[in-house]
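>>> based on what follows, work out the 3D shape:
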Amino acid sequence: MATDSHASRGQGKTKAQGGEAEAQDHAEMATGKGEDRGQTEAQGRRGSPSNNKRVTTSAAMSKAENRNSATGKLRMALTAALVACAALLGSGCTSGVAYDEFVSLAKANWDKDSLAVFRAEMTDTTGAYDIMIQVRNDNDYAFANLWLFIDVVSPDGHTRRDTLECVLAKADGTWLGGGWGSLYTLRCPYMPQVRFARPGPYTFRLTQGMRKDQLKGIHDIGLLIERHKEEQ
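Predicted coordinates:
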């Protein structure tokens, strides 16, 4: 009985030891699993910044591409707008102008026998136009006015002759024309609100009608035909 009792205590002790060992094994297994999970999670956490970096880099590249694409589109839009503006400005500067030309006089000297000839091709027979003579002179011109003889030849060969006085200066000698330096350009009304009877070439021949064989100080003579302001 004592032996049995000892044996029982021994078995109990053995069982207790076995229980302790088993508990220790479970604890070690739990610890091992915990460590494994901790390592795995740590590795996962350590790995996530790299993934984040890749995602961030990818997003940055995408944003850069979007910015470049937007910049390219903006440049194209601006270019198109500039081209359109240039076209509008160009058309605005010449709006209604059917003809605008100058004839330069050699050495700013207009001989009484020299002709300034202009040939304007007109296609519009319904609109009203203003025809003006343009005179460009310098300070050497000795008169306040300029008389002109003008011959107009229509497409059917009919010739019309006019005499026109262009007033170039005020009574005090101030030039009426605008310009730069010592050159002054004046537009002198010739035929306001005229309608061309038929389409085709109209020839304008101008000679100076002053009582001098050599008229110094006249650099250029021009002809301007533009649509009447109220019809533009």
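
>>> got any ranges where this structure has weak pLDDT?
1-94, 231-232 (pLDDT under 70).

>>> cutoff 50 now
Filtered on pLDDT under 50, the chain yields the residue ranges 1-48, 55, 83-93.

>>> need the helices for it, in chain order.
Secondary structure of the chain by DSSP state H: the helices cover 2-93.

>>> list the buried residues of stretch 98-113.
Judged by neighbour count (16 or more other Cβ atoms under 10 Å), stretch 98-113 contains these buried residues: 98-99, 101-102, 105, 108, 110. The C-beta positions use only the backbone N, C-alpha and C, and glycine is treated the same way.

>>> what's the farthest-apart pair in those?
The two members of these with the most space between them (Cβ to Cβ) are 98 and 108, at 28.1 Å.

>>> what sits up against stretch 114-124?
Outside stretch 114-124, the residues that touch it by Cβ atoms under 8 Å, 6 or more residues apart in numbering are 98-99, 101, 103, 105, 196, 199-208, 221, 223, 225.

>>> next step: these restricted to strands.
Among these, DSSP state E puts 98-99, 101, 103, 200-208, 221, 223, 225 in strands.

>>> which two from those residues end up farthest apart in space?
200 and 208 (27.7 Å).

>>> neighbour count: these two, which is higher?
More crowded of residue 200 and residue 208, by other Cβ atoms under 10 Å: residue 208, with 23 against 14.

>>> please report the distance of the more buried one from residue 219.
As for residue 208, its distance to residue 219 is 13 Å (criterion: Cβ to Cβ, to the nearest Å).

>>> swap in residue 146?
As judged by Cβ to Cβ, residue 146 and residue 219 stand 12 Å apart.

>>> quick check on the closest residue to residue 141 other than its chain neighbours: phi, psi?
In this structure, residue 141 finds its nearest non-sequential neighbour in residue 217, 2.9 Å apart by Cβ to Cβ, 6 or more residues apart in numbering. Here is the backbone geometry of residue 217 (degrees, to the nearest 10): phi 100, psi 0.
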